[in-house]
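J.: What follows is a protein structure lacking sequence information:
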């Protein structure tokens, strides 16, 4: 009952300020003030204020908030420990590495012919998209 009275008083004061603002020819600000001042009355009429008052004064509701907070702390704590240990994330990364065949990047064996290497003294006017001599040298250095 007190919450409803306070909300009504706040709304009445806000509407009074909106009227004074409109009298000063600031209509846009007056309409904005009137809209904000009607919010508390609307919350009282929908029952939100009563629900909040019942929740704020209920020990069971506060115990529920405590349980939710404890659950959040437990989850956050496990994340911190997991990051420090390198837990499940490292296991997933290792599993991802094992999923790819180790010989997948090895050169093909057999009669697959490699393209002939171009001489490193390619003319400067050549198309840069066709000049792969630097890349080929790096690949040969790494045995690919």
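T.: It's in. This structure is a prediction, so every number in the text was calculated from the model and none was measured.

J.: was I right about residue 10 contacting residue 36?
T.: No. Contact criterion Cβ atoms under 8 Å: residue 10 and residue 36 do not qualify, at 9.9 Å. Just so you know, the C-beta spots here come from the backbone N, C-alpha and C atoms, and that holds for glycine as well.

J.: how about low-confidence regions in this protein?
T.: By pLDDT under 70, the weakly predicted segments of the chain are 87-130.

J.: mind running it again at 90?
T.: Scanning the chain for pLDDT under 90 picks out the ranges 1-4, 26-27, 29, 43-44, 47-65, 67-68, 70, 75, 77, 79-144.

J.: Please enumerate the helices of this structure.
T.: Using DSSP state H, the helices found in the chain span residues 2-23, 27-46, 48-56, 59-85, 87-99, 133-141.

J.: The closest residue to residue 22 other than its chain neighbours: what's it in contact with?
T.: Using Cβ to Cβ, 6 or more residues apart in numbering and skipping the chain neighbours, the partner closest in space to residue 22 is residue 30 (3.7 Å). Applying Cβ atoms under 8 Å, 6 or more residues apart in numbering to residue 30 gives the contacts 18-19, 21-22.

J.: now do residue 7
T.: 40-41, 43-44, 49.

J.: Which two among those are spaced furthest apart?
T.: Spatially, the most separated pair among those is 41 and 49, at 9.7 Å (Cβ to Cβ).

J.: rewinding a little: show me which of the contacts of residue 30 is closest to residue 81.
T.: residue 18 (55.0 Å).
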